[in-house]
Each structure stands twice: as C-alpha cells, then as structure tokens.
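> below is the sequence, then the predicted model.
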Amino acid sequence: MNNLAFAAVDVDDNSFHVCVIDPATKQSQYFQSKPTAKALIRKLNEQRPEGKDLKICYEATYLGYSLCRELRKARFDCEVIAPSLIPELPGKKVKTNRLDCKTLAEFYMKELLTSVHIPEKVDEADRDLIRSRKFLVETATSIKNHISSMCKRQGWNYREESQKKSYWTSHHMQWLEKKVNSVNESSAKISFKILLKQLRDTQDNIATYDSEIEHLANAQKYAAKVTALNCFRGIDTASALSLITELGDINRFSHPTKLASYAGLDIIEYSSGSKEKKFKITGNGNKFLRTTVIEACQFAMRPVLMSAAMKAQHLQATKQQSEIAKKCMERLHKKGTKLLYRGKHKNKIKAACAREMLCFIWESLKTAA
C-alpha cells in the first residue's frame, strides 16, 4: 500500500477529469487531459506521485474497454468499475466532474468498488456481432410497425381483403406492392417505396448476420457450448451465442444466484422486523443477457413436448446436458403453471422462469466448459 497511489478518471466527450490520491499523505491532486488515451497516459506520467505505482479506475461507459486496454499497454494497473454498484452518499446534492472523480478515487482507495470482467478483444468482437444483429432486428420491427400505421391511415386492411392472417409473408409483401402502385399521391407512394426498400435491405443484412453467426457457432471455442444450450426450449443458435458471448467464462460465477444477479433478475426486497416486502426485478445487470433469457421463456409454461428438431439437438448433446435441459422444461412448466393459477401476471411469470432457466444454463455450460 505504501508504494501505491490511486487514480480515478471521469470520462467525458470534451475532456478526461482525473483525481490522484496518495494514501500515505492523504493528499489529492486534480487535473484534466484531452479525451484520448495517449494524452491521458502522458498526463498520468507527469502527475503521478514520485516513486509510486498508480492503480487507475473509471466507470463503465461508452468507451467500453478500449481505454483500459491502452492504459494496461502503458503498464498501468487499470480496472473498469460497475456504475450501479458504486456506493451513494446520503445528502449529496452537488455533482460535478471534479467531485465525481475525487469520490470515485476515495472509494477505490478504500476498496469499496466492484470491477467488471474485461473480455478479450476477439470475444468482444464476437459479442458485438450478436448485438449488431439484434439492433437490426429491432430496426426491421420499427420499420414494419411504421408501414402498418401508414396502411391504417390509407384505410388498407390486408386481412379483410385477402382472408389471410399472417403479415409480412411473401403474399403480404406482394399485396403491399400492388397497393403502393395504386396510390395517387406521389408523396405517399415515395414514402412507401423508400420504407419497403429499407425493410428489404435490413432483412438482407440480417440474413448475412445469420450466416456469419452460424459459421461462428461451428468454431471450436463455441461448438460444444452451443450444442448444450440448443437443448433448451426457446434457445436457437443466435440466442445460444448471445448467452455465451455475454457470459464469457462461466467459471467466474461460483454459484447460479450470482449469475441471476449479473443478469439483473434479482428481486428487490425491503424487509424489516416482521414485515416482508418484495418488489420487481432489479434490472441492474446485463440487459442483453436478461432480454435473451426472458425471450426464451415466452412459452415456458406450456406442457413438456419435444419437436423432431429438438430431439435431434438432444441426440447431438451429451446425456448429462440432455437431462439438464429436460429437467429445466419440467421445472419451468410446473413453476409457470403454479404462478398462473395464483393469478400472477404473465410478464412476472416469464421473469421468474427466466431466473430459473439461467440456473440450469449455468449448470449446462459448466459441463461444456
């Protein structure tokens, strides 16, 4: 400790605000640098206390892990801090960049902060591939909703005219093209054509992502884990890779409850004395992980039935992985049905089932690690 000094960086678009604290003298110094890793490293070398090694931290932010990697290359000990786990000071009413970095440095010196896991650059690139696909899927959904709203304003009703129920099929797209060509207003026609072209381009890009994801799933580092997770109902190859890349090394979670907490699926509780009060899920963890596992539980309460495709997936996995997935289906069906009969809202049931499923995923990935 005598040879260490602690620094915290408050990251900003315009400048980096840094506070360095020497534990021996309890003195702190504040300075700013340009918002680049190179400028920050130069300033840190100039301002560090003589004969001291610096331990540096900053909150997880839009920069991701790039700044941390640059600082580590420059032989600095750097960590990225989880913002949601930073202690809050009661009565604190003033917030400035200078005060933020000073408070963060003091907490870091007293070991009151929680660092986040920093993945390898290759693993982060794989994770970004899955997240980018999810972004395009959400974009396509937004375009479809906008086109549907415009159709209603035009007075078009696909189901009444075609006697078909499903939207966005090839038949629906052909019907939409005919309707657009029959529009007299040039502004509406141009708007529809641009949106339809944007939708087709987005869908083509999603198909390209799907092809890359399928190729990635067959790589040696992911193949066994993807096979294990494909045994679960509601998890396809894209969902499996999303879970794997978001979790990283499963061995860093010593217990499944820690994994549930990492996903933000813990229950908020405020109990005191004889009163017990429980609220909604915290939602403080990894939102991509949480969203993926909740989406996988859309039909968790349905009876335990296995399709031919799922049976084929179970044959590819080990016996232990297959048994874990079957046990998960039975458990979720039992739990979901019980909560449904108790009058719980379906969204609450899905979140509860997602928390259970994560525990089984933890066990299954342990077998494939």
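Looks like it came in fine.
> show me where this protein has strands.
4-10, 16-22, 27-33, 53-59, 77-81, 267-269, 278-281 (DSSP state E).
> center of the protein - which residue?
Phe288 (2.2 Å; CA atoms, centre = their mean).
> my read is that it contacts Leu247, right?
No - between Phe288 and Leu247 there is no contact under CB atoms under 8 Å: 10.4 Å. The way it works is simple: take the backbone N, C-alpha and C, and place the C-beta from them, glycine included.
> save the strands of the chain as CSV, and put in mean pLDDT too.
Formatted as CSV, these follow (pLDDT from 0 to 100):
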stretch, mean pLDDT
strand 4-10, 93
strand 16-22, 93
strand 27-33, 92
strand 53-59, 93
strand 77-81, 95
strand 267-269, 83
strand 278-281, 84
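> out of the ones you listed, deepest packed?
strand 4-10 (a mean of 24; mean count of other CB atoms under 10 Å).
> name every strand pairing with it and say which way it goes.
Note on strand 4-10: by DSSP bridges, its sheet partners are strand 16-22 (antiparallel), strand 53-59 (parallel).
> pLDDT weak spots in this protein?
Within the chain, the ranges that satisfy pLDDT under 70 run 1-2.
> would you map the helices across it?
Here the chain has its helices, by DSSP state H, at 37-47, 66-73, 97-109, 121-154, 158-162, 170-181, 186-217, 220-229, 237-247, 256-262, 287-295, 308-316, 319-341, 346-368.
> hang on, the earlier thing: quick check: the gap between the closest residue to the residue nearest to the centre of the chain other than its chain neighbours and Lys350.
In this structure, Phe288 finds its nearest non-sequential neighbour in Glu246, 5.3 Å apart by CB to CB, 6 or more residues apart in numbering. Distance, Glu246 to Lys350, by CB to CB, to the nearest Å: 19 Å.
> likewise for Gly234?
In terms of CB to CB, Gly234 sits 10 Å off from Lys350.
> from the centre of this structure, point out the most distant residue.
Outermost residue of the chain (CA atoms, centre = their mean): Asn184, 45.2 Å.
> for that one, phi and psi?
According to degrees, to the nearest 10, the main-chain angles of Asn184 amount to phi -90, psi -30.
> kindly reformat the strands paired with strand 4-10 as TSV containing distance to His314.
Shown next, in TSV, are those (distance: least, CB to CB, whole Å):
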stretch	distance to His314
strand 16-22	52
strand 53-59	43
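> tell me which of these lies nearest to Ala105.
Judged by CB to CB, the one of these that comes nearest to Ala105 is strand 16-22, at 4.4 Å.
> before we move on, the earlier item: for Gly234 and Lys350, indicate the residue with more neighbours.
Lys350 (23 against 19; other CB atoms under 10 Å).
> just give the closest residue to the more buried one, not the sequence neighbours.
In space, and not counting its chain neighbours, Lys350 is closest to Cys297: 4.8 Å by CB to CB, 6+ apart.
> number of residues surrounding the one you found?
Here the number of neighbours of Cys297 (other CB under 10 Å) works out to 24.
> that one against Lys346, yeah?
No - contact criterion CB under 8 Å: Cys297 and Lys346 do not qualify, at 10.4 Å.
> give the residues shared as contacts by the two.
Contact criterion CB atoms under 8 Å, 6 or more residues apart in numbering; no residue bridges Cys297 and Lys346 by contacting each.
> residues in contact with Glu246?
Residues near Glu246 by CB under 8 Å, 6+ apart: Arg127, Asn286, Phe288, Leu289, Thr292.
> could you rerun that using 7 Å?
Contacts for Glu246 (CB atoms under 7 Å, 6 or more residues apart in numbering) come out as Arg127, Asn286, Phe288, Leu289.
> the second one reaches Leu265, doesn't it?
No - because the distance of 10.1 Å does not satisfy CB atoms under 7 Å, Asn286 is recorded as not touching Leu265.
> so for these two, which residue has more residues nearby?
More neighbours surround Leu265 than the other of Asn286 and Leu265, with 25 against 14 (other CB under 10 Å).
> the more buried one reaches Leu289, doesn't it?
No - at 9.1 Å, Leu265 does not count as touching Leu289 under the criterion of CB under 7 Å.
> about what we covered before: overlap in contacts of Gly234 and Lys350?
Cys297, Gln298.
> make CSV out of the helices of the chain and add distance to Ala24.
Listed next are the helices of the chain as CSV, based on distance: least, CB to CB, whole Å:
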stretch, distance to Ala24
helix 37-47, 16
helix 66-73, 23
helix 97-109, 11
helix 121-154, 36
helix 158-162, 74
helix 170-181, 71
helix 186-217, 50
helix 220-229, 45
helix 237-247, 40
helix 256-262, 35
helix 287-295, 41
helix 308-316, 60
helix 319-341, 53
helix 346-368, 43
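> out of those, which one sits most buried?
Greatest average neighbour count among those goes to helix 237-247 (a mean of 23), per mean count of other CB under 10 Å.
> in contact with Phe192, which residues?
By CB under 7 Å, 6+ apart, the contact set of Phe192 is Met150, Val180, Val183.
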